[in-house]
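In: give me coordinates for this.
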Amino acid sequence: MRCGMGIEARQVNELFINIDPIQAGGKLTADAMKAVIAYGDGYSVCDNCRKPNRLDYISKPPIAAFHKDLADWLNMDAVRTVPGARRGFQAVAQTYVSKGDPVLLTSLSHYTEFLAVEESGGIAREIPADEQKMITADAAAEKIEDIRRETGKVPVLAFIDHVDYQYGNMHDIRAIAKVTHQYDIPILYNGAYTVGILPVDGKTLGVDFVVGSGHKSMAAPAPSGVLAATAERAAEVFRTTSIVGDVTNRKFGIKEPEMMGCTLMGATLVGMMASFPHVKERVKHFDCELENNRRVVDALLSIGGTQLLSEYPRKHTMTRVDTTGSFDTVAETHKKRGYYLLSALEEKGITGVIPGATKVWKFNTYGTTRVQAGYLADAFTAIARENGLSVKE
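Out: Below you'll find the model as predicted:
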């Protein structure tokens, strides 16, 4: 099956149990797939765009209602859809950060947060993780004080990941937000691995901004994401344009500079909308997702020499393991070297592990059924036994 230009039709999720850490939460629903086909044309959602000619005012399809529902769901006052979480970071950084301003990040922050700071001329200052790879409120307070002593001012903005991409650890964002607000520092909640995966209540968490990833965690096409704000901060980051052309005297109504007028269009937006009812329901059952993850983690830990690098018990399904003392010992003499592990998994209908990785690697069981989780657990222990590794019963 080909799509033209030699592009093969992708069938990964149809043929395998996919445990890729960045793909598990972004698998499209059937409704989203239909929406992608129906609204694949670039400007398809603009069929019924009327004054004031802005995306979030369109009522057919119900884009305006979706924005309201999305804000209510996150318990924030305003929301915009954006081309990926990184564009949310960028919009907020461009609003608050000027050249030379210190910005608070963490030693576990995603690279796109750093790039957003760099583009705005800011200086990245990291809160260090502790020995358990956790970011704490005390460490945040200490870092802010260090910055104030060194520069005479506090950071103008804080980017904090609720669940980090390196270990899948869950950090106490509420306590950290209390610290940043004591210094009047606005805080951006990076929910790339939480919005659409588990319940997120922005005001209960005490954050100024909530950023989510549609294609990572909301069963939406790429690139898509959301940026939500409190009423106070929305007036700043979603401010409307005031520029005027010097020859034509043109003005541009209520277009928003940080959104570049309109953001998501076509398949990305309508795909996210179509999946939204399913996403709202699935976050209510995250306890089942954790139970499935536990079965797989426990199976891996039963293999002699395997270590868990993420926090335990697990609070998220994206998990990092060290199999240097188990699967990697097999890779040293196996004819396929480190590629044998993915090959063995794919023979059993499982994919998503980085090819060649047998030392430190990540996986994500989100979206698997109980039966699939049991199959995954059995597959890992079976491969271990087949290659002479010890497995505890």
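
In: the strands in this structure, which residues?
Out: Assigned by DSSP state E, the strands in the chain fall at 17-18, 78-82, 102-106, 123-127, 158-161, 187-190, 209-213, 225-229, 307-308, 318-322, 350-351, 360-364.

In: what comes up buried for the lowest-mean-pLDDT helix or strand in the chain?
Out: The weakest-scoring helix or strand in the chain, judged by mean pLDDT, DSSP states H and E, is helix 12-15 (a mean of 93). Using 16 or more other C-beta atoms under 10 Å as the test for burial, helix 12-15 gives Asn13. Just so you know, the C-beta spots here come from the backbone N, C-alpha and C atoms, and that holds for glycine as well.

In: ok, residues contacting it?
Out: 18, 27, 349, 351 (C-beta atoms under 8 Å, 6 or more residues apart in numbering).

In: buried only: go through the residues you listed for me.
Out: 18, 27, 351.

In: the first one reaches Glu346, doesn't it?
Out: No - with contact taken as C-beta atoms under 8 Å, Asn18 and Glu346 are classed as non-touching, separated by 10.9 Å.

In: send me the least confident helix or strand of the chain as PDB with only the CA atoms.
Out: What follows is helix 12-15, C-alpha atoms only, in PDB (Å, rounded to 0.1, in the frame of the first residue of the first chain):
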ATOM      1  CA  VAL A  12       2.300   0.500  12.900                       C
ATOM      2  CA  ASN A  13      -0.600   0.800  15.400                       C
ATOM      3  CA  GLU A  14      -2.600  -1.700  13.400                       C
ATOM      4  CA  LEU A  15       0.100  -4.400  13.300                       C
END
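
In: this protein - how does it break down into domains?
Out: 12-22+284-386, 44-264 (automatic domain parsing).

In: so of those, which one's packed in deepest?
Out: domain 44-264 (a mean of 19; mean count of other C-beta atoms under 10 Å).

In: quick one: average pLDDT of it?
Out: The average pLDDT for domain 44-264 rounds to 97.

In: start and end of that domain, how far apart?
Out: One end of domain 44-264 sits 11 Å from the other (C-alpha to C-alpha, to the nearest Å).

In: rewinding a little: which of the buried ones among the contacts of helix 12-15 sits closest to Pro128?
Out: Asn18 (33.7 Å; C-beta to C-beta).

In: which residue packs closest to Gly304, ignoring adjacent ones?
Out: Ser390 (3.8 Å; C-beta to C-beta, 6 or more residues apart in numbering).

In: give me every residue that touches that neighbour.
Out: With C-beta under 8 Å, 6+ apart, Ser390 has these contacts: 303-304, 384.

In: got it, and Glu119?
Out: 90, 93-94.

In: could you do Met134 as well?
Out: 169, 171, 311.

In: per-residue confidence at the closest residue in space to the first one that isn't next to it in sequence?
Out: I take that to be Asn169. Spatial nearest neighbour of Asn169, excluding adjacent residues (C-beta to C-beta, 6+ apart): Glu311 at 4.8 Å. In the prediction, the pLDDT value recorded for Glu311 is 97.

In: hmm, Tyr167 and Glu311 touching each other?
Out: Yes - at 7.2 Å, Glu311 counts as touching Tyr167 under the criterion of C-beta under 8 Å.

In: what touches both of those two?
Out: Joint contacts of Glu311 and Tyr167 (C-beta under 8 Å, 6+ apart) are Lys133.

In: for Asp101, see how far away the closest residue to Arg148 other than its chain neighbours is.
Out: What sits nearest to Arg148 in space, not counting adjacent residues and going by C-beta to C-beta, 6+ apart, is Val154, at 5.3 Å. With the distance defined as C-beta to C-beta, to the nearest Å, Val154 ends up 10 Å from Asp101.

In: check contacts around the residue lying farthest from the centre of the chain.
Out: The C-alpha centroid of the chain is most remote from Val247, which lies 43.7 Å away (C-alpha atoms, centre = their mean). If you count contacts by C-beta under 8 Å, 6+ apart, Val247 has none.

In: now do the end-to-end distance for stretch 72-79.
Out: Distance across stretch 72-79, first residue to last, is 9 Å (C-alpha to C-alpha).

In: and Ile147, what does it touch?
Out: Applying C-beta under 8 Å, 6+ apart, the residues near Ile147 are 102, 104, 125, 153-155.
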